[in-house]
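**Student:** Sequence plus predicted model, see below.
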2 protein chains.
Amino acid sequence: MALRLPVQWHNKSRRIAGVMSGTSGDGVDAAIADFWRTSSGDHFQLLHWCHMELPPAFRLRLQRLCEEPLSIGEMAAFHWEVAAITAESVRRACAEFGVAPEELDAVGMHGQTVFHDPEPMCYGGHGVGLQVGNIAAVAQWLGTTVVGDFRSADIALGGQGAPLVAIFDWAFLRSPGDTVVALNIGGIANVTVLPPKCPPEHVRAWDTGPGNLWIDAAVELFFGKRYDTAGQIARAGRLVLPLWRALQQIAFIRQPPPKTTGRELFSRQRLRQLLQEVVSPHVPAEDIVHTLTRFTAWSIAENLRLFAGECTRIIVSGGGARNDFLLELLQEEVPSAQVECSELYGIPAQAKEALCFAYLAYRTLGSEPANLPSVTGARRPAILGVVAFAGRASTTSSLAPAEEGTERTDHDG
Amino acid sequence: MALRLPVQWHNKSRRIAGVMSGTSGDGVDAAIADFWRTSSGDHFQLLHWCHMELPPAFRLRLQRLCEEPLSIGEMAAFHWEVAAITAESVRRACAEFGVAPEELDAVGMHGQTVFHDPEPMCYGGHGVGLQVGNIAAVAQWLGTTVVGDFRSADIALGGQGAPLVAIFDWAFLRSPGDTVVALNIGGIANVTVLPPKCPPEHVRAWDTGPGNLWIDAAVELFFGKRYDTAGQIARAGRLVLPLWRALQQIAFIRQPPPKTTGRELFSRQRLRQLLQEVVSPHVPAEDIVHTLTRFTAWSIAENLRLFAGECTRIIVSGGGARNDFLLELLQEEVPSAQVECSELYGIPAQAKEALCFAYLAYRTLGSEPANLPSVTGARRPAILGVVAFAGRASTTSSLAPAEEGTERTDHDG
């Protein structure tokens, strides 16, 4: 008896903005794309995307929030602040492209992850995750339908709630003849493995370990920079053997999938502790960055060797795709595969996750599940997310009951 | 271009469960009702309701959460715990009535209020509120559509996000010839004033001050009981003049509407402080309960005298409707009006709020606004809440694109 969303959703192309705020909290990516369906499957065209830097104060607040106790008032204010930032990023992308937010068919927002522990814990066999960002507020401010909180339904069904990008990779990157690995190197790195012509139930995807999280942390700590441009710092350094050996001991890397992780396991605090324990104080800082970069490349490759089988192409996206040295190291580690950037497939490396959440909204509003149980471990596929509708009744008279069958919202086509 | 919900929503009667967890956290009320529409307006029939006590541990956790800093992990776990309790209360009401949760057309859940500060503060001219309880999880667990987070859209539009019961009172309690006041005495007391035949834009509603909050606190403190059964303790006491005078000084009572309040202004801490300041230690405890009860009656009446004009009937609901002494005091304060219990109108006093949230879900799924700007102060009416759809695809094959126009969910009628 659950309510059905309109069956006409797929009858025309839908213009959707996707918004992704990464776990590091340094910026928000917004992408606008058209999605449509033909007998051969789903298609998209990216129209515009932009990256919005966030003030350092926001990043500090997020870090503090994840590491220290906070008052419920601070928590509530942050929930609304993330909503304001989300709305602002969509407004900016819309203005740059020349479309009004109200003209979008929908927005898919990831929200800001502040907690992710997918292992069944406090209550009845499910994990616990929390994405903040007030979805109803964003819908009112932008004047369009907003879908968010995509991970909860999967977690409620015993899944890890991640990675959700797998359905996007399956829809748009699978190949008839090759085994394709879609690799996203954000704060955390994750892979989706797509055997030739694979049906959705044969897709596997998991987090391989840290992406840029520790590299960025070290670069900030020692060089006061936000990231290692093109991997120049790492390229100038050399391997620190005790650190290298300690990193390779991290159990998560060789743990078999399905597995996901968050900031908790690869926190700055843990990195600092590790450096204190195994690195002597006179080791050059670029050697540490070098070793962490090599570790990221190795941990991805090790996951592919152990759990992915033979693969032909590795399509890289995320901030890490701009780290040339990292990609070279990865190519050395997996010589038989071709390492490519996702731009080759019409997906700018940094826009992929935003694009993915636009696509997830497209699926939800088409009443279609988007989690892959083979990937997340959920008991079954589910329609993901919650939907806020932006009714734009301008007078209170619309509050009175109208004639039966009358259309009472001002839209759709 | 915002998505339209199905226009067929009003073509038949809809069976909806509403769930209300009060600010005190001592219990959850769940009500199941049928709603339908005719040319004369909306109608309902309450089918069943039940009250579920919550373990004292939950109440303590809620209190601590509102008063002390907490880790983000505790916050996240609580968000899921409230969802589990919400689902459990619906399951229980369904089992007692003999219906499966999946057979419900929808659930409307209030969630647990943990923060409410409607005054514009940190960001762009809106307040901040936070209801926790994972809506997507409840939808998956119950297998039906769930609507929740009803207050955010109104707050995002500059409103107070409360009282939301006004639209329910307007739909079901207005009268052609009388000025009706709907009075709910929960932890906080609130009134809705409905002039004869009033259109929705003439409705006014606001919080008058404490309901049972301070009475219950004193009864627990001095007598170790949860509440004052039928007002027996208060009836045995006498007025404590210094306390009475201090209470009458509380500015909120005479502040003109629109106004709303929460636990913050009428906390146990503030009551304890007040008692320490003005009550001598040898005053009998029943005198304190008597004075607090009298204060609740007076503060409601004072609000009606100052801001409601002449009224004919006062229809009382909420836990306070069972406090006979409180109702007698109220009747003395407003001799010209008839004080009645909402049961006379088919609304059990304790089920009203749960019923109200079922009705709010009915409106949202019919694409209709439910906030009254004259009541909340919002810039315009809005479709309230966010909606989680419980898709129940049982195989991953449903993940593949289907023929255009195919129905892909297993329901609706």
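**Tutor:** Yep, it's here. As the structure is a prediction and not an experimental result, all values here were calculated from the model.

**Student:** Need the phi and psi values for the closest residue to chain B within the stretch 201-350 of chain A.
**Tutor:** Per Cβ to the nearest Cβ, the residue of the stretch 201-350 of chain A with the smallest distance to chain B is A:Glu201, at 3.9 Å. All C-beta spots, glycine's among them, are computed from the backbone N, C-alpha and C. The phi and psi values for A:Glu201, taken as degrees, to the nearest 10, are phi -70, psi -10.

**Student:** Neighbours of it, how many?
**Tutor:** Counted by other Cβ atoms under 10 Å in any protein chain shown, the residues lying close to A:Glu201 total 15.

**Student:** Then A:Glu340?
**Tutor:** A:Glu340: 16 neighbours (other Cβ under 10 Å).

**Student:** middle-most residue in chain A, spatially?
**Tutor:** A:Glu353 (4.8 Å; Cα atoms, centre = their mean).

**Student:** If we ignore the residues flanking it in sequence, what's nearest that one?
**Tutor:** A:Met20 (4.1 Å; Cβ to Cβ, 6 or more residues apart in numbering or on different chains).

**Student:** May I have the beta-bridge partners of that neighbour?
**Tutor:** Here A:Met20 sits in beta bridges with A:Asp29, going by DSSP bridges.

**Student:** how close does it get to A:Val165?
**Tutor:** 10 Å (Cβ to Cβ, to the nearest Å).

**Student:** Quick check: neighbours shared by these two?
**Tutor:** A:353, A:356 (Cβ atoms under 8 Å, 6 or more residues apart in numbering or on different chains).

**Student:** Tell me where chain A has strands.
**Tutor:** Counting by DSSP state E, chain A has strands at residues A:14-21, A:27-38, A:41-53, A:106-109, A:112-117, A:128-132, A:146-148, A:180-185, A:188-194, A:204-210, A:313-317, A:338-341, A:386-388.

**Student:** Adding mean pLDDT, write these out as a markdown table.
**Tutor:** Listed next are those as a markdown table, based on pLDDT from 0 to 100:
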| stretch | mean pLDDT |
| --- | --- |
| strand A:14-21 | 96 |
| strand A:27-38 | 96 |
| strand A:41-53 | 96 |
| strand A:106-109 | 98 |
| strand A:112-117 | 87 |
| strand A:128-132 | 92 |
| strand A:146-148 | 98 |
| strand A:180-185 | 97 |
| strand A:188-194 | 95 |
| strand A:204-210 | 95 |
| strand A:313-317 | 97 |
| strand A:338-341 | 97 |
| strand A:386-388 | 97 |
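
**Student:** longest helix anywhere in chain A?
**Tutor:** The single longest helix within chain A, with elements called by DSSP state H, is helix A:72-97.

**Student:** and the angle from it to strand A:128-132?
**Tutor:** 60 degrees (axes from the mean of the first three to the mean of the last three Cα atoms, to 10 degrees).

**Student:** which of the residues in helix A:72-97 are buried?
**Tutor:** A:72-91, A:93-94 (16 or more other Cβ atoms under 10 Å in any protein chain shown).

**Student:** quick check, stretch A:259-278 touching chain B?
**Tutor:** No - no part of stretch A:259-278 sits near chain B under the criterion Cβ under 8 Å from any Cβ of the partner chain; the closest distance found is 9.0 Å.

**Student:** CA atoms of that stretch as PDB?
**Tutor:** Extracted in PDB, the C-alpha atoms of stretch A:259-278 (Å, rounded to 0.1, in the frame of the first residue of the first chain):
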ATOM      1  CA  LYS A 259      33.900  -3.200   3.600                       C
ATOM      2  CA  THR A 260      33.600   0.500   4.100                       C
ATOM      3  CA  THR A 261      35.300   3.000   6.200                       C
ATOM      4  CA  GLY A 262      35.200   6.600   7.200                       C
ATOM      5  CA  ARG A 263      37.300   9.200   8.900                       C
ATOM      6  CA  GLU A 264      37.200   7.200  12.200                       C
ATOM      7  CA  LEU A 265      39.800   4.600  11.000                       C
ATOM      8  CA  PHE A 266      42.000   7.000   9.100                       C
ATOM      9  CA  SER A 267      41.800  10.000  11.300                       C
ATOM     10  CA  ARG A 268      44.500  12.700  11.600                       C
ATOM     11  CA  GLN A 269      45.000  11.600  15.200                       C
ATOM     12  CA  ARG A 270      45.900   8.100  14.100                       C
ATOM     13  CA  LEU A 271      48.300   9.300  11.500                       C
ATOM     14  CA  ARG A 272      50.000  11.600  14.000                       C
ATOM     15  CA  GLN A 273      50.300   8.700  16.500                       C
ATOM     16  CA  LEU A 274      51.800   6.500  13.800                       C
ATOM     17  CA  LEU A 275      54.300   9.100  12.700                       C
ATOM     18  CA  GLN A 276      55.300   9.600  16.400                       C
ATOM     19  CA  GLU A 277      55.800   5.900  16.900                       C
ATOM     20  CA  VAL A 278      57.800   4.900  13.800                       C
END
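
**Student:** State the mean pLDDT of that stretch.
**Tutor:** Average pLDDT, stretch A:259-278: 88.

**Student:** Work out the gap between stretch A:92-107 and the centre of the chain.
**Tutor:** 21 Å (Cα atoms, centre = their mean, to the nearest Å).

**Student:** correction: stretch A:258-276
**Tutor:** Using Cα atoms, centre = their mean, the offset of stretch A:258-276 from its chain centre is 18 Å.

**Student:** Repeat that for stretch A:317-329.
**Tutor:** Relative to the centre of its chain, stretch A:317-329 is centred 17 Å away, using Cα atoms, centre = their mean.

**Student:** what's the answer for stretch A:272-290, then?
**Tutor:** 30 Å.

**Student:** before we move on, what about stretch A:369-377?
**Tutor:** Going by Cα atoms, centre = their mean, where stretch A:369-377 is centred and where its chain is centred differ by 15 Å.

**Student:** do stretch A:43-63 as well
**Tutor:** For stretch A:43-63, the distance to the chain centre is 12 Å (Cα atoms, centre = their mean).

**Student:** buried stuff in that stretch?
**Tutor:** A:44, A:46, A:48-52, A:54, A:58-59, A:61-62.

**Student:** quick revisit: what about the longest helix of chain A and chain B, any contact?
**Tutor:** Yes - against chain B, helix A:72-97 shows contacts by Cβ under 8 Å from any Cβ at A:72-73, A:75-77, A:79-81, A:83-84.

**Student:** Residue ranges in the stretch 101-250 of chain A under the pLDDT threshold?
**Tutor:** A:120-124 (pLDDT under 70).

**Student:** how does it look with 80?
**Tutor:** A:118-125 (pLDDT under 80).

**Student:** Distance check, A:Ser24 against chain B.
**Tutor:** 16 Å (Cβ to the nearest Cβ, to the nearest Å).

**Student:** Chain neighbours aside, what residue packs nearest to that residue?
**Tutor:** A:Gly187 (4.9 Å).

**Student:** State the number of residues packed around the residue nearest to A:Val165 when sequence neighbours are not counted.
**Tutor:** The shortest distance from A:Val165 to any non-neighbouring residue, by Cβ to Cβ, 6+ apart, is to A:Cys356 (4.9 Å). A:Cys356 has 29 neighbours, counted by other Cβ under 10 Å.
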